[in-house]
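Enquirer: Attaching a predicted model along with its sequence, questions to come.
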Amino acid sequence: MRALTMMLTLTGATLVTADEPKPNLVNKLADFFLDLPQFDYPVAGVCALGARRQQQTADASRIKTTRSESCGDVTVVFARGSCEPGNVGVSAGPPFFDALQAALPGRRVAVSGLKYGADFKEFLAAQKGSGDQLFVFPPFSIRPFAAMIRAAVDNCKGSRIVVGGYSLGARIVHEAADELGDSYMSKISAVVLFGDPYSKSAVSSINPSRVLIVCHDDDNICKGGQLISMSHLTYSQQAAAAANFVVSRL
């Protein structure tokens, strides 16, 4: 079993043990990436190809990659990772949503995903920042996501609001939290981030005990790098642990 680091921004790194890989989704995604031919065409084309192939895998496995639902007993606002299909992706979001719903029988979990490019144009548009802020996102990603969080807080009265993101989406969560400030982030029940490039930085304006950052030890993206390895693609293994964390914060 693989060791991973699940980082609570309050307590620092805690070493835990991952579950055995789930053979269906994880193996199908692994097969896709291992089968990719060597290429010399633009990376944007690779991203589009990846999204199409992941959508095919999702369709075969009956995984919803697009969720735009109104308020539930628990409302999840989520930003997917680079090159993922739909508005919630495949590898981290849907397994987490399913695990959260299973952990809350009798309560409705509503999910709403950010509609944005999630492609290499967005990735490359991020500019080097200063200090511990590695990147500064252009507003076409942050502002719509911040608006979604505001809408959930303002309109979903009585609902518990959960904010989540994976990879590129995790970066957007950090940036949106900076924009929203305490007036909105203090009303968020939990934040869950998978494969977070900002893993060493706190999510601003929210009690750190409500934030879970899940990073595999050998995930280069979590260290601020740009190398995508299989460890970055298998966060479905931690879906149940992430769901249990959220339930404990509701």
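Expert: It's in.

Enquirer: so where's the chain uncertain?
Expert: 1-52, 54-55, 58-59, 61, 118-140 (pLDDT under 70).

Enquirer: which residues of it fall in helices?
Expert: 23-35, 43-60, 93-103, 120-125, 139-155, 168-180, 182-185, 239-249 (DSSP state H).

Enquirer: how many other residues sit next to residue 105?
Expert: 6 (other CB atoms under 10 Å). C-beta here means a position set from N, CA and C on the backbone, and glycine is covered the same way.

Enquirer: So that it lines up with my notes, have the first residue be 33 from now on.
Expert: Got it, the first residue is 33 from now on, which makes the last one we talked about residue 137.

Enquirer: Tell me how far it lies from residue 105.
Expert: Distance of residue 137 to residue 105, given as CB to CB, to the nearest Å: 11 Å.

Enquirer: Ok, residue 148 next?
Expert: Distance from residue 148 to residue 105, by CB to CB: 27 Å.

Enquirer: cool, residue 262 as well?
Expert: Distance, residue 262 to residue 105, by CB to CB: 35 Å.

Enquirer: what does residue 246 give?
Expert: From residue 246 to residue 105 the distance is 24 Å (CB to CB).

Enquirer: again with residue 215
Expert: 23 Å.

Enquirer: So for the two, which residue has more residues nearby?
Expert: Just comparing residue 215 and residue 105: by other CB under 10 Å the higher neighbour count belongs to residue 105, 15 against 10.

Enquirer: and residue 134, how many neighbours does it have?
Expert: Residue 134 has 12 neighbours, counted by other CB under 10 Å.

Enquirer: likewise residue 229?
Expert: 24.

Enquirer: That one and residue 189, how far apart?
Expert: 34 Å.

Enquirer: cool, and residue 257?
Expert: From residue 257 over to residue 189 the distance is 42 Å, taken as CB to CB.

Enquirer: Of these two, which one has the most company?
Expert: residue 257 (12 against 7).

Enquirer: quick one: contacts for residue 131?
Expert: 271, 272, 274, 275 (CB atoms under 8 Å, 6 or more residues apart in numbering).

Enquirer: One more pass at 6 Å, please.
Expert: Listed by CB atoms under 6 Å, 6 or more residues apart in numbering, the contact partners of residue 131 are 271, 272, 275.

Enquirer: mind listing what residue 281 touches?
Expert: Contact analysis of residue 281 by CB under 6 Å, 6+ apart lists 221, 222, 242.

Enquirer: Skipping adjacent residues, who's closest to it in space?
Expert: residue 222 (4.2 Å; CB to CB, 6 or more residues apart in numbering).

Enquirer: Confirm for me that that neighbour is in contact with residue 278.
Expert: Yes. Residue 222 lies in contact with residue 278 (CB atoms under 6 Å); the separation is 4.6 Å.

Enquirer: No more questions from me, cheers.
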